[in-house]
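Peer 1: Provided below are the primary sequence and the corresponding predicted coordinates.
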Amino acid sequence: MRGIIFAVLLATGLLGLAVPLASQQGGTAVLLRLDGAVSPATADYISRGLERAAGREAKLVVLQMNTPGGLDTSMREIILAILASPVPVASYVAPSGARAASAGTYILYASHVAAMAPGTNLGAATPVAIGGGFPFGADEEPSGAEDGEAAEETEGGDGQAPRSASEAKAINDAVAYIRGLAELRGRNADWAERAVRQAASLSSTVAEREGVIDFLAGSVEDVLAQADGRRVRTSQGTLTLDTAGLSVDEMEPDWRTRLLAIITNPNVALILMMIGIYGLIFELLNPGAMVPGTVGGISLLLGLYALAVLPVTYAGAGLMLLGIALIVAEAFAPSFGILGIGGALAVVVGATILFDTDVPGLQLSWPVIGAVAVASLALTLVIVRLAWSSHRHKIVTGAQQLIGATGAVHRWNGTGGYVFVHGERWRAVSSEPLEEGQPVRIIGRDGLTLEVVAAEEGEIAARGGNS
């Protein structure tokens, strides 16, 4: 019996060891997902994902994409990480209905293996954010491929000249960049140039026929099967892919990537900036409150970090700073709304043009701008109301608050003597004789000497009695 139990335990242990050994022999493929705009958060996620894949000695990284494009700086960061990766990268546009537009096209061209699912498209890689609008003065954006043969390419008319020297430089730089990637990977460089100059687009079937991608694939497992045996050039040299039967290990974004994605959203960045500024304003108006200053300082630092990694226009930033300065000036030197309303308008206009990008997902929404406008106007109205109330109320501090105050005669001789006001004894003069204990009202002040007149008992009662 003991021998049977020992044999069962031994077999179980060997089976448990065999599973990880088989997995180790078969290797793994790391799956990364780029879903949405190419932003600093996605660049950080993909770059660190490639580093982890190299640390795990993965045999392939599958980058599944569905993106409308994104920031040029983030796109180039991703491409640099792909080119430097010792692990081959297979970009895969999926699922059906997905796209790899604009920046996604560049990333696809930079990858060692390029694949698309049926019913997807790529292209429209013109840097349209330059000056806003469409390239070369076109009236409307060229439409992408829809289906089949009609999706071969969109016609653009390359006889039109760029509108400015800076636009021509940017277009030519983008063309040279994507042609270099195409030549590196042996893909269709001529169509890549048309994708930049004419905003051309292709469906997945035509892209395969034109040599833009390597193959069509219905799933990640299909990508691994078709990539098997292909020779690719990595930073470590040329190698033959051995990807058939690899287990797929999906790498989810960690908390850092999620946090970066949140704070680099232009809408969130603007809200953080306004919370930070208003928090500091309230702290300055109420020193020692602590909470507004603490929350405001943290929010302002996070907002400034977001602005550092997002494309910001100097005009928008300048208008926002001017608007904030006017609102602060209204708080400390009330103008009954003139400075505050002007500041609110400057903040709204500055927020509207703050971020210089046309990329979907990296634009300010009008509801957020409206909320900022309402908050700025509300703060201005609060300041105006406080200033108006302070203007109408009686002065209760400083030298002027003594004018109109009431007191009582302490000692008097002729036209001069001493009076008690607010529990203090003052030297006083009067144009009429007064008696000890008589109520008086202050009508003037000259240094430490008060000018008083006799007061009626009813006046004393209305003012709260003698002090």
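Peer 2: Received it, and whenever you're ready, just let me know what you need.

Peer 1: the strands in the stretch 351-467 of the chain, which residues?
Peer 2: For the stretch 351-467 of the chain, applying DSSP state E, counting those that start in this stretch gives strands covering 406-413, 416-421, 424-429, 439-446, 449-454.

Peer 1: While we're on the residue of the chain positioned farthest from its centre, how confident is the model there?
Peer 2: For the chain, the largest distance from the centre (C-alpha atoms, centre = their mean) belongs to G414, which lies 76.4 Å off. pLDDT for G414: 82.

Peer 1: ok, now S467?
Peer 2: Per the predicted model, pLDDT is 48 at S467.

Peer 1: same question, A151
Peer 2: For A151, the model assigns a pLDDT of 38.

Peer 1: quick one, helices of the stretch 201-350 of the chain?
Peer 2: Here the stretch 201-350 of the chain has its helices, by DSSP state H, counting those that start in this stretch, at 204-209, 220-227, 255-263, 266-285, 291-309, 314-332, 338-352.

Peer 1: Lowest average confidence across helices and strands of the chain, where is it?
Peer 2: Among the helices and strands of the chain, helix 2-26 carries the lowest confidence by mean pLDDT, DSSP states H and E, at a mean of 47.

Peer 1: and the gap between the closest residue to the residue farthest from the centre of the chain other than its chain neighbours and L450?
Peer 2: Leaving aside its chain neighbours, G414 sits nearest to P433 (6.8 Å; criterion: C-beta to C-beta, 6 or more residues apart in numbering). Any C-beta I mention is one placed from the backbone N, CA and C, and that applies to glycine too. P433 is 16 Å from L450, where distance means C-beta to C-beta, to the nearest Å.

Peer 1: Could you identify the helix or strand that succeeds the helix or strand hosting A170?
Peer 2: According to DSSP states H and E, A170 maps onto helix 165-185. Downstream of helix 165-185, the next assigned helix or strand under DSSP H and E is helix 189-197.

Peer 1: Now do the same contact list for R187.
Peer 2: 109, 114, 181, 211-213 (C-beta atoms under 8 Å, 6 or more residues apart in numbering).

Peer 1: Please report phi then psi for it.
Peer 2: Main-chain dihedrals, R187, degrees, to the nearest 10: phi -110, psi 170.

Peer 1: From M116, how far out is it?
Peer 2: For R187, the distance to M116 - C-beta to C-beta - is 13 Å.

Peer 1: Determine the residues that are contacts of both of those two.
Peer 2: The contact sets of R187 and M116 overlap at I213 (C-beta under 8 Å, 6+ apart).

Peer 1: just for the stretch 351-467 of the chain, where's the confidence low?
Peer 2: 356-362, 383-384, 386-401, 457-467 (pLDDT under 70).

Peer 1: 80 instead?
Peer 2: 355-366, 372-373, 375-404, 422-423, 456-467 (pLDDT under 80).

Peer 1: burial of F420, as a residue count?
Peer 2: Applying other C-beta atoms under 10 Å, we find 17 other residues in the vicinity of F420.

Peer 1: Please apply the same query to L239.
Peer 2: Applying other C-beta under 10 Å, I find that L239 has 15 neighbouring residues.

Peer 1: surely it meets V232?
Peer 2: Yes: with contact defined as C-beta atoms under 8 Å, L239 reaches V232; the gap is 6.6 Å.

Peer 1: Quick one: neighbours of the residue lying closest to A371 once chain neighbours are set aside, just the number.
Peer 2: Nearest residue to A371, sequence neighbours excluded (C-beta to C-beta, 6+ apart): I271, at 8.0 Å. The number of residues packed around I271, counting by other C-beta under 10 Å, is 17.

Peer 1: Then E77?
Peer 2: There are 18 residues near E77, going by other C-beta under 10 Å.

Peer 1: do you know how far it is from I271?
Peer 2: Separation of E77 from I271 (C-beta to C-beta): 26 Å.

Peer 1: try G180
Peer 2: With C-beta to C-beta as the criterion, G180 and I271 are 40 Å apart.

Peer 1: got the buried residues for stretch 424-440?
Peer 2: The neighbour-count check on stretch 424-440 (16 or more other C-beta atoms under 10 Å) flags 426, 428, 430, 434, 439-440 as buried.

Peer 1: about what we covered before: of the contacts of R187, grab the buried ones for ChimeraX.
Peer 2: Restricted to buried positions by 16+ other C-beta under 10 Å, the ChimeraX selection for the contacts of R187 reads:
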select :109,114,181,212,213
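
Peer 1: Nearest to Q363 among the contacts of R187?
Peer 2: Closest approach between these and Q363, by C-beta to C-beta: Y109, at 25.8 Å.

Peer 1: ok, that closest one touching G180?
Peer 2: No: under the criterion of C-beta under 8 Å, Y109 is not in contact with G180, lying 9.2 Å apart.

Peer 1: Hmm, the residue nearest to A371 is touching V368, no?
Peer 2: Yes: if you go by C-beta under 8 Å, I271 and V368 touch, sitting 6.8 Å apart.

Peer 1: what about the helices of the stretch 201-350 of the chain, which gets the closest to H422?
Peer 2: Going by C-beta to C-beta, the one of the helices of the stretch 201-350 of the chain nearest H422 is helix 266-285, 27.6 Å.

Peer 1: Show me what that closest one packs onto, helices and strands only.
Peer 2: Other elements packing on helix 266-285 under the criterion 3 or more C-beta pairs under 8 Å, 6 or more residues apart in numbering; DSSP states H and E are helix 255-263, helix 291-309, helix 314-332, helix 366-392.

Peer 1: Redo those as a markdown table? Include mean neighbour count and distance to A207.
Peer 2: Shown next, in a markdown table, are these (neighbours: other C-beta atoms under 10 Å; distance: least, C-beta to C-beta, whole Å):
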| stretch | mean neighbour count | distance to A207 |
| --- | --- | --- |
| helix 255-263 | 15 | 29 |
| helix 291-309 | 17 | 32 |
| helix 314-332 | 18 | 38 |
| helix 366-392 | 15 | 36 |
